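# Got a predicted structure plus its sequence, pasted below:
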Amino acid sequence: MKNILRLCVVAIAALLFAVPEVSAQRVKLNINYSASVPVSQSFKDYVSNTSLRGFNANVLYEINDQWSVGAGFGSQNFYQRYPRAVYKMADGSDLSAVMTNTVTVMPILATG
């Protein structure tokens with residue numbers, strides 16, 4: 001099973017890096033996979049795990065050799081699950097729960 005997974009990862013990486021850029025077309029579409037690391041201390045306090053769940057896509061229309069206009073969209077999902085714990089409530093009761101923190105970042109860009 002691990003060999004099949006490794007083979008799939010290598011095949012996908014080869015396809016992503018081996019595709020030549022075609023400059024004869026006026027419209028370009030870029031789709032990318034992205035990984036992110038939480039940087040600020042306040043963000044690390046909420047979610048400290050590296051996110052491997054991200055992508056972005058851009059569409060550019062080439063006006064001439066030096067200028068292009070377009071739009072882009074992306075998504076990055078940070079997720080952290082904490083083990084089951086018992087929390088003391090203010091009224092004296094106990095709450096047993098599994099806590100998860102999720103942050104989703106979705107930028108929309110106008111490019112030029």
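Yep, that arrived.

# Check what pLDDT the spatially closest residue to residue 94 that is not a sequence neighbour gets.
Leaving aside its chain neighbours, residue 94 sits nearest to residue 86 (5.3 Å; criterion: Cβ to Cβ, 6 or more residues apart in numbering). Every residue, glycine included, has its C-beta placed from N, CA and C. As predicted, residue 86 sits at a pLDDT of 94.

# go on, the one 4 residues further on?
If you check residue 90, the pLDDT there is 92.

# Then the one 5 residues further on?
Among the per-residue scores, residue 95 holds a pLDDT of 93.

# Return the residues in contact with it.
Residues near residue 95 by Cβ atoms under 8 Å, 6 or more residues apart in numbering: 86, 87, 88, 89.

# Out of those residues, which sit inside strands?
Applying DSSP state E to those, the entries found in strands are 86, 87, 88.

# from those residues, which single one is nearest residue 101?
Nearest to residue 101 among these: residue 87, at 14.8 Å, using Cβ to Cβ.

# The residue nearest to residue 94 against residue 93, yeah?
No: in this structure residue 86 lies outside contact range of residue 93 using Cβ atoms under 8 Å: 10.5 Å.

# what's the average pLDDT for whichever strand or helix holds residue 110?
Per DSSP states H and E, residue 110 falls inside strand 108-111. Computed over strand 108-111, the mean pLDDT rounds to 84.

# Which other helices and strands does that strand contact?
When contacts are defined as 3 or more Cβ pairs under 8 Å, 6 or more residues apart in numbering; DSSP states H and E, strand 108-111 sits against strand 53-62, strand 68-81.

# switch the cut-off to 6 Å
Using 3 or more Cβ pairs under 6 Å, 6 or more residues apart in numbering; DSSP states H and E, the elements in contact with strand 108-111 are strand 68-81.

# Which strands border the strand it packs on, and is each parallel or antiparallel?
When pairing is defined by DSSP bridges, strand 68-81 lines up against strand 53-62 (antiparallel), strand 100-105 (antiparallel), strand 108-111 (antiparallel).
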